[in-house]
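> structure for this input, please:
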Amino acid sequence: MQDDGFEPRLGRIGARAGKAERRYQQRVLKSAALAGGRRFGGASPGSGFHGNRIGRGAGIGRVLASRGTHAAFRARRVVVKSRIVKLKGQGLKAARLHLRYIQRDGVTREGQPGELYDAEHDRADGKAFLKRCDGDRHQFRFIVSAEDAAQYEELKGFTRRFMARMEEDLGTRLDWVAVDHYNTGHPHTHIMLRGKDERGQDLVIARDYLSTGMRERAAEIVTLDLGPRSDLEIEANLAREVEQERFTGLDRGLLKDADGEGCVRSGATVGDAFRQSLRAGRLQKLKRLGLAEEIATGTWKLAGDLEPALRRMGERGDIIKTLHREMTEKGLARVPSDYAVHETANGQERRVVGRLVTRGLSNELNDRHYLIVDGIDGRVHYVDIGGAETVDALPDGAIVAIRPKPVGQRTVDRTIAEVAAANNGRYDIEAHLRHDPTASRAFAETHIRRLEAMRRIAGLVEREPDGSWVIAPDHLERAASFERGQARSSPVIVETLSAWPLERQVTANGATWLDRELVAEKPEPLREAGFGGEVRDALAMRRRWLAGQELAREEQDRIVYRANMLGILRRRELLRVAEQLSGELGLPYAEAELGQKATGTYRRHVDLASGRFAVIERSREFTLVPWRPVLERHLGRQVAGVVREGRVSWTIGRRRGPGVS
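Predicted structure coming up:
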């Protein structure tokens with residue numbers, strides 16, 4: 001064995017293997033762009049090198065994309081959506097969640113959970129697949145949806161042949177799992193592919209193959225199985241596109257034939273009378289939508305935003321269909337004018353309060369979820385909530401409040417920039433305390449947590465080895481950019497006002513959301529229609545119940561509520577529930593008093609009419625205190641906090657440091 005052998009590795013000291021090579025590739029791409037966008041080895045301007053041919057499958061991807069238009073016209077249509085997911089940080093946790101969601105209930109023809117399979121087994125081991133993915137740099141996720149997939153008895157055979165062809169094209173064996181979904185109008189398959197080849201190296205697939213090659217391979221298999229599309233099938237599909245309020249193949253043809261000013265002739269480049277009539281009909285439909293104008297006989301000018309406008313219409317139409325389907329299934333059907341899409345652009349949308357009807361997936365590839373909320377304003381709201389992990393699981397019927405996530409600079413960002421400006425562009429706790437002697441160390445540490453989040457999630461700030469932070473002159477712009485990025489992945493804040501449905505709250509022996517509305521100085525405005533009308537009726541019944549409990553009385557045509565009514569109801573419920581828990585835990589219950597410390601092991605939470613409470617167990621007793629989301633990450637661990645009015649300032653674990661209110 002020789003001790004003097006070594007292999008030089010380019011890059012900074014301590015850099016991970018492969019990082020220098022990636023940086024070098026990025027410099028090459030940047031230099032190519034600065035050189036005028038010319039193709040390497042040629043002089044064709046505008047044909048720049050963008051890296052789309054780097055990786056496996058580049059050659060076959062170009063070949064498949066260049067097939068004749070006649071063959072493509074006759075081929076069965078297939079949509080392949082692809083996504084590359086980085087697994088560093090929380091990526092593997094997100095992969096576990098994605099695997100769980102694609103196997104959720106109700107996706108098979110029989111309404112059963114999805115069945116995970118792979119190249120050899122009809123029942124694959126998802127945990128084993130994720131274990132193999134541990135340490136991978138990235139992962140591929142695909143959705144393969146053939147237009148005629150409903151003609152297959154099952155999709156496993158098609159998926160296996162498709163992945164086998166991919167292995168031939170890419171020149172390596174692939175490690176993948178898949179789940180077939182039949183819960184939509186078009187059956188489709190979710191595929192998760194490891195980012196490693198058969199030699200354990202990073203699997204890099206050329207962009208040409210991902211964007212075109214996979215679709216062509218899938219279409220090739222479906223066309224071989226079901227035969228080419230007949231003239232009748234093609235004509236029927238085209239005829240359906242004429243009146244659709246979405247971007248269609250007819251629109252794509254119109255844009256292709258339009259001149260530089262967006263003008264097109266209704267009969268140009270059309271080979272027969274049938275297609276000419278379809279084209280003319282589509283232009284008339286676009287005219288009614290305000291997206292086309294006939295400027296001369298047979299000559300039309302298309303709107304500049306034709307494609308994005310039609311795509312927005314298509315998305316909105318899909319949302320309205322989703323709202324109607326979900327409300328009908330729940331027996332809560334409404335007229336279309338009651339449906340509303342909750343927009344969160346720039347955080348301007350108002351707060352929505354209502355009953356949670358259901359939660360669903362709006363984008364299965366990216367794990368984006370939506371809520372349908374039957375609002376007290378009489379409207380039914382569709383709310384995009386972002387990723388699966390952004391909002392905790394909520395029971396259907398819960399009362400929720402939704403507001404847009406604030407976008408822009410925070411006070412903490414301005415303080416950091418101010419302290420750094422006075423300290424040569426550096427920030428640390430000592431500099432903060434020198435700059436503001438009235439600030440506490442715990443307050444300064446909240447600024448460190450903000451910087452750590454910006455560094456870990458987006459890499460927008462840099463931490464020095466001595467613990468200080470380098471603050472750029474444009475720190476406030478970076479902070480605003482960070483908030484915009486966070487809002488894209490998690491656009492709203494969802495607050496649970498009550499986990500109990502409205503009908504249970506009417507006679508609940510606890511401090512309910514209805515009670516808080518009855519005593520509020522500014523109760524939520526209610527409409528007579530829809531859920532708002534139901535809340536009005538529930539409030540009237542709740543007042544009668546409170547009167548029967550001697551907690552409310554009528555005086556001179558107004559209702560007077562007993563002093564500290566909410567506290568009395570809350571204590572009644574806690575004592576009743578504590579008696580039940582005492583039998584389960586074998587420990588006596590000790591009430592948590594204001595100002596006292598709540599110290600012990602966090603066991604679980606309980607959802608009561610008065611809200612969610614945490615069960616804190618001590619050696620000889622237990623107590624119930626208001627719950628906070630931060631506790632769920634510390635189940636079974638020691639926690640400590642100080643009980644305040646309606647909340648607890650928590651300190652997690654046996655350590656010094658700031659609390660979490």
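> and the pLDDT at Gly55?
As summarised for this prediction, Gly55 has a pLDDT of 83.
> next: Gly267.
On the pLDDT scale, Gly267 is placed at 66.
> which non-adjacent residue is nearest Glu154?
Nearest-residue entry for Glu154: Asp180, 7.2 Å, with adjacent residues in sequence omitted and distances by CB to CB, 6 or more residues apart in numbering. In this view, the C-beta of every residue, glycine as well, is placed from N, C-alpha and C.
> secondary structure class for the one you found?
strand (DSSP: H, G, I helix; E, B strand; the rest coil).
> thought Thr159 was touching it, still the case?
Yes: counting by CB atoms under 8 Å, Asp180 touches Thr159, with 7.4 Å between them.
> mutual contacts of those two, please.
Thr189 (CB atoms under 8 Å, 6 or more residues apart in numbering).
> what is the burial count for the closest residue to Val242 other than its chain neighbours?
Taking CB to CB, 6+ apart as the measure, Val242 lies nearest to Gly281, with 4.4 Å between them; neighbours along the chain are not counted. For Gly281, the count of nearby residues is 16 (other CB atoms under 10 Å).
> next structured bit after the helix or strand hosting Gly281?
Using DSSP states H and E, the element containing Gly281 is helix 273-288. Tracing the chain past helix 273-288, the next element assigned as helix or strand by DSSP H and E is strand 292-296.
> what does the next helix or strand after that following strand contact?
The helix or strand immediately downstream of strand 292-296 is strand 299-302, counting by DSSP H and E. If you take CB under 8 Å, 6+ apart as the criterion, strand 299-302 is touched by 254-255, 258, 261-266, 283, 286-287, 291-295.
> so what strands line up beside strand 299-302?
strand 263-265 (antiparallel), strand 292-296 (antiparallel) (DSSP bridges).
> what's the most buried one of those?
strand 263-265 (a mean of 18; mean count of other CB atoms under 10 Å).
> least trustworthy helix or strand in this structure by mean pLDDT?
Here the helix or strand of the chain ranked lowest by mean pLDDT, DSSP states H and E is helix 69-74, holding a mean of 57.
> and Gly114, helix, strand or coil?
Classification of Gly114 by three-state DSSP places it in coil.
> got phi/psi on it?
When quoted as degrees, to the nearest 10, the phi and psi of Gly114 stand at phi -70, psi 150.
> what sits against it?
Gly114 touches 102-104, 107-108, 179-181, 190, counting by CB under 8 Å, 6+ apart.
> and which of these is nearest to Glu555?
Each of the contacts of Gly114 was scored against Glu555 by CB to CB, and Arg104 proved nearest at 53.6 Å.
> and the closest one, how far is that from Ile568?
Using CB to CB, to the nearest Å, Arg104 is found at 42 Å from Ile568.
> now name the helix or strand holding the residue nearest to Val639 when sequence neighbours are not counted.
When the adjacent residues along the chain are set aside, Val639 lies closest to Tyr602, with 5.0 Å between them (CB to CB, 6+ apart). Here Tyr602 is covered by strand 597-608, with elements defined by DSSP H and E.
> domain ranges for this protein, per the record?
Each domain of the chain is listed here as a residue range: 1-49, 58-226, 232-304, 309-391, 411-489, 567-652, per automatic domain parsing.
> elements contacting the strand holding Tyr602?
Strand 597-608 is packed against helix 565-585, strand 611-617, strand 622-626, strand 638-644, with contacts defined by 3 or more CB pairs under 8 Å, 6 or more residues apart in numbering; DSSP states H and E.
> out of the ones you listed, which is closest to Met163?
strand 611-617 (45.0 Å).
> so how far is that closest one from its chain's centroid?
In terms of CA atoms, centre = their mean, to the nearest Å, the centre of strand 611-617 is set 29 Å apart from its chain centre.
> mind listing what's buried along it?
Buried residues in strand 611-617, counting neighbours by 16 or more other CB atoms under 10 Å, are found at 611-617.
> kindly report the same for stretch 133-142.
For stretch 133-142, the neighbour count (16+ other CB under 10 Å) marks 133, 136, 138-142 as buried.
> ok, those residues vs Leu371, which is closest?
Proximity to Leu371 was ranked across the buried residues of stretch 133-142 by CB to CB; first place goes to Arg141, at 23.5 Å.
> make sure I have this right: that closest one is in a helix.
No: using three-state DSSP, the assignment for Arg141 is strand, not a helix.
> does the closest residue to it other than its chain neighbours belong to a helix, a strand or coil?
Leaving out its chain neighbours, the residue that sits closest to Arg141 by CB to CB, 6+ apart is Arg83, at 4.7 Å. State at Arg83, reduced to three classes by three-state DSSP: strand.
> in contact with Arg83, which residues?
When contacts are taken as CB under 8 Å, 6+ apart, Arg83 is in contact with 140-142, 365-366.
> what's the answer for Val535, then?
Val535 is in contact with 376, 502, 514, 517, 526, counting by CB under 8 Å, 6+ apart.
> tell me the one among those residues nearest to Arg562.
The shortest gap between Arg562 and any of the contacts of Val535 belongs to Leu514, at 15.6 Å (CB to CB).
> right, and the closest one touches Arg536 too?
No: between Leu514 and Arg536 there is no contact, the gap being 10.8 Å when judged by CB under 8 Å.
> any chance of the domains of the chain in TSV, with distance to Glu554 too?
Conversion of those to TSV gives the following (distance: least, CB to CB, whole Å):
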stretch	distance to Glu554
domain 1-49	73
domain 58-226	49
domain 232-304	54
domain 309-391	25
domain 411-489	46
domain 567-652	19
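> which among the ones you listed is found nearest to Arg544?
Ranking those by their distance to Arg544 (criterion: CB to CB) puts domain 567-652 first, at 15.4 Å.
> what mean pLDDT does that closest one get?
For domain 567-652, the mean per-residue pLDDT is 87.
> that one: how far from the chain's middle?
The chain centroid and the centroid of domain 567-652 are separated by 32 Å under CA atoms, centre = their mean.
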